[in-house]
Structure formats: C-alpha cells, structure tokens
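Visitor: whatever this is, show me its structure:
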Amino acid sequence: MIQIPPALKHRNFALLWAGLLISMVGTQMQQWALFWHISQLSKDPIAVSIVGGVRFVAVLGFSLFGGLMADRYNRRNILFFTQTTAMLVALILGLLTIMGTIQLWHIYLLTGCQAIAMAFDLPARQALVPNLVPRDILPSAFSLQSIAFNTGAIVGPALSGIVIGYLGQGAVYFVNALSFLAVIVALVLLQTVHQRSAAIKTGIRAALTDIRDGVRFIRNQPLILSSMILDFIATFFSSANTLLPYFAQNVLHVGEVAYGWLAAAQSIGAVTVGLVASQYNRIRRQGPLLLGSVVVFGLATVLFGVSRIYALVFIALIFIGAADSVSTIIRNTIRQLITPDTLRGRMTSINQIFFMGGPQLGEIEAGAVAQYFGVPFAIISGGVGAILGVWLVAWLWPALARYSGDEPVSVAAPVAD
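Guide: Numbers count the residues shown, from 1 in each chain. Sure, this is the predicted structure:
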C-alpha cells in the first residue's frame, strides 16, 4: 500500500516540491513545444540539435561559478533570481511568436539566456534539498524530485501538443511563464533554512581556488566520478529526444497530438519508478542497480530506433524513462550523501557539466548522424554506444559495481596537489 513518502512530512521540502511539480509542467510544455516549433521553421534535423549546443556552451561557461555561488550564498535567494529570469524568457518567446516575428536566432539566443540562469539554478536547488530533510530520507526526497520532474514531463508534452493544435504555439510559452509563479510563491513561504556556507572570499583568484577545491574533491571520490562519467556516456549516445519530432512525422507519420503523447511516454515510466522508490528510506545494491539500469536504457533505445509501430515506440520510451529514473535517483543519493554541505553546490555544478553536457552534445551528435545516415540509425547506434559505455565504466571503476549503499562512506576533504 502506498503511503505518504517520508520526505513530504517535512514542510519546507513539501512546499518546494509542490511548486516544482507545477512549474515542471510548464517547463516540459515549453521544451517539447520548442522542438516542434524549430521543426516547423527548419526541416533540417541539425537545426533542433543546435539548441543542445547552445545549452552546453552556457553550462560549460557558467556552471562552475553557479556551484560556487550556491556554496557561498543563500540558495533560496539564488533560486528567486533564476526562476524569475526563466519566466521572463518564456514571456519574450510568447510575445515574439504571437507577433509573428520570431526567427531561429531568437530561439537560440533566448535558449542561451535561460540555460545560463539554469546553470546557477540547478546547483542551488539540488544543494538545497539536504538542507530541507534529514540525511536518512534523501532517497525519498530525490525520488519525489524525480516524480515532480517526470510528472511535468508527462502532462507537459501531452498538453503542449493540444495547446499548439488548438491555441497556437505562443500560448505554450505564456502558460510556462505563469507556472514559474508556483516556485516563487513556495520560496516565499519557506521557513528558516539552515545552510552551512563556505567562507566568502573576494577576487577571481579566490573564486578559482574554491572551484579547484571542488574538482579535487570529486577527483578523490571514485564513486562520484564514475557515476558522472557513466551518466555522460549514456546520455551522449542515447540523446534522441530532439529527433522525436522528425521520427514522429517522417517514420510514424503522426501529428502534433500523437507526438505530444510520445514525448510524455518516457516520463510515465519514470514516475512509476519514482513512486515505488519514494516509499523507501534506503536502496540496497545501488552499484549493480545503477549499471543495470543504464544497460536497460540502451536496450530500450535500440528498440525505439528499430520500431515502426506507434504502440511499440511508446512502450520503448516508457522503458527508457523508467531506467533513466532508477539511474538518476541512485546517482543523486550517492553524491549528496558523500559530499559535505559546504561543497554540495560545486559538486552539483561539476556534475551538471556531465549530465547536461552529455545530452546536449549528444543532441548535436544525434542530429549530425541523422542528417547523413537517417533518424533511425542515429537512435539505434546511440543505444549500442550507451551499452558499451556501461562495460567501460564497470571495467575502469570496479568499486561502483560492488557498491551496495549501506556500507560506511569516508568523506574526503579537498587535498592539495
């Protein structure tokens, strides 16, 4: 019997989670509507993939500084700024669209602005979670975060197809702008949040030294490092989301509403896994489960690429989402438990380069392969690459395959070279 997840019994986390649940619906509406919008402005698959390149450049340029800010300053205040910025970007996209003046370069520029805001948002948001709940229920908290994200990713894409079909492309952006108010209100209502901040030092040299400390910490933690590299490899090869509009139109021959449901399919699997995982305080045999989930992720991607039946593609995408959810929950739990509070922002920012860089660069790779060899081949080859990546990581870091999750973990402090 499903009970109230332990993390929701903590008021501050419950408020933030509810705000994120609403906001994620709008965010996912916009993401998939944006892919569709670009596919209408250009028939070249590489045009959609450029979005990934723009996001990666923003993450690469600002993520490390975003993590440092999350460790030095009030994480709730950072979220106020980033969420407001993302809301303004959505409003501008909507206005340009309804005015009929929007062009591809507008979308790329505004996507870059939003990606810069998210480079500061994610480290603060992820590092804030351990300040809201006790350590022993972090798996429940991260499972609920996965549920919030993926519930939005079910409802959002499905609604995006309907809204585009009946109200027009611009309406999606306005709905997303309104959804950010849910997080902003939640942040206002939060009670005092206790945070151990790193000492604030002035000057660029001090900032670079603090960032280097975060890199050293991760370098000395094989479980964190190996999980980051595993995530990068898997998402680089299996990032076929931006190809879904072209697969839907040119392979399955369906319209925007059916496309919206395909876009939601991954998150149906992810939410199902998240609901189960949120009931547990601890998850055992985490290393083998993590590696196995990425293998399933790759196999399901291959099934997606070879399928020509709508229902079979839908099922394959559900398995992709379920496997990715297992991987995400375990990776987040390992990293946050091992990392001290004063380094969580920097750890998350470095991780952000891996887990956002993988799919964003992967979108470029998938788009380029699709341009020359076709969309199905790009998807199938990506799934095979993800499976080979699991073997490589397990061979290089055997400790990950042996990790259970209940053994004591030694927390290493940054050390000098």
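Visitor: other SSEs contacting the helix or strand hosting residue 304?
Guide: Per DSSP states H and E: residue 304 is located in helix 286-306. Helix 286-306 is packed against helix 222-237, helix 310-338, helix 375-396, helix 398-402, with contacts defined by 3 or more Cβ pairs under 8 Å, 6 or more residues apart in numbering; DSSP states H and E. All C-beta spots, glycine's among them, are computed from the backbone N, C-alpha and C.
Visitor: relative to the whole chain's centre, how far out is it?
Guide: 17 Å (Cα atoms, centre = their mean, to the nearest Å).
Visitor: may I see the buried residues of it?
Guide: By neighbour count with 16 or more other Cβ atoms under 10 Å, helix 286-306 contains the buried residues 286-287, 289-305.
Visitor: what of stretch 379-390?
Guide: Residues 379-387, 389-390 are the ones in stretch 379-390 that count as buried (16+ other Cβ under 10 Å).
Visitor: any chance of those residues in CSV, plus pLDDT?
Guide: Shown next, in CSV, are the buried residues of stretch 379-390 (pLDDT from 0 to 100):
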residue, pLDDT
379, 86
380, 87
381, 86
382, 84
383, 87
384, 89
385, 87
386, 87
387, 90
389, 87
390, 89
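Visitor: nearest to residue 223, of those?
Guide: residue 390 (15.7 Å; Cβ to Cβ).
Visitor: return the residues in contact with the closest one.
Guide: Counting by Cβ atoms under 8 Å, 6 or more residues apart in numbering, residue 390 makes contact with 230, 234, 291, 294-295, 298.
Visitor: from those, which is closest to residue 19?
Guide: residue 234 (29.5 Å).
Visitor: number of nearby residues for the closest one?
Guide: 31 (other Cβ atoms under 10 Å).
Visitor: pretty sure it is touching residue 355, no?
Guide: No - using Cβ atoms under 8 Å, residue 234 makes no contact with residue 355, being 9.6 Å away.
Visitor: need the residues touching each of the two.
Guide: With Cβ under 8 Å, 6+ apart, residue 234 and residue 355 have no common neighbours.
Visitor: can I get the contacts of residue 390 in CSV including distance to residue 109 and pLDDT?
Guide: As requested, the contacts of residue 390 are exported to CSV (distance: Cβ to Cβ, whole Å; pLDDT from 0 to 100):
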residue, distance to residue 109, pLDDT
230, 33, 86
234, 30, 80
291, 39, 89
294, 34, 88
295, 39, 90
298, 34, 89
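Visitor: which among those residues gets closest to residue 175?
Guide: residue 234 (31.5 Å).
Visitor: residue contacts, the closest residue to that closest one other than its chain neighbours?
Guide: Take residue 234 and drop its neighbours on the chain: the residue closest to it by Cβ to Cβ, 6 or more residues apart in numbering is residue 386, 4.5 Å away. By Cβ under 8 Å, 6+ apart, the contact list for residue 386 reads 233-234, 237-238, 294, 297-298, 301.
Visitor: and residue 403, by the same measure?
Guide: Residues in contact with residue 403 (Cβ under 8 Å, 6+ apart) are 223, 286-287, 334.
Visitor: quick check, nearest of the residues you listed to residue 109?
Guide: Once Cβ to Cβ is applied, the member of these that ends up nearest residue 109 is residue 334, at 36.6 Å.
Visitor: which residues touch the closest one?
Guide: Residue 334 neighbours (Cβ under 8 Å, 6+ apart): 223-224, 227, 286, 403, 405.
Visitor: tabulate those residues (JSON lines), appending pLDDT.
Guide: JSON lines is the format used below for these (pLDDT from 0 to 100):
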{"residue": "223", "pLDDT": "81"}
{"residue": "224", "pLDDT": "82"}
{"residue": "227", "pLDDT": "83"}
{"residue": "286", "pLDDT": "76"}
{"residue": "403", "pLDDT": "78"}
{"residue": "405", "pLDDT": "61"}
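Visitor: my guess is residue 124 contacts residue 69. True?
Guide: Yes - the criterion here is Cβ under 8 Å, and residue 124 meets it with residue 69 at 7.2 Å.
Visitor: neighbour-wise, which of those two wins?
Guide: Each of residue 124 and residue 69 has its neighbours counted (other Cβ under 10 Å); residue 124 has more, 27 against 23.
Visitor: next up, the contacts around the more buried one.
Guide: 66, 69-70, 75-76, 78-79, 82, 345.
Visitor: so which of the residues you listed are in helices?
Guide: 66, 69-70, 75-76, 78-79, 82, 345 (DSSP state H).
Visitor: check the offset of stretch 91-105 from the chain's centre.
Guide: Per Cα atoms, centre = their mean, the centroid offset for stretch 91-105 relative to its chain is 26 Å.
Visitor: how far away is residue 66 from residue 146?
Guide: Counting by Cβ to Cβ, to the nearest Å, the gap from residue 66 to residue 146 is 21 Å.
Visitor: residue 308: what secondary structure?
Guide: coil (DSSP: H, G, I helix; E, B strand; the rest coil).
Visitor: about what we covered before: dump the helices and strands packed on helix 286-306 to CSV, plus distance to residue 38.
Guide: Shown next, in CSV, are those (distance: least, Cβ to Cβ, whole Å):
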stretch, distance to residue 38
helix 222-237, 20
helix 310-338, 20
helix 375-396, 15
helix 398-402, 37
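Visitor: right, I'll leave it there.
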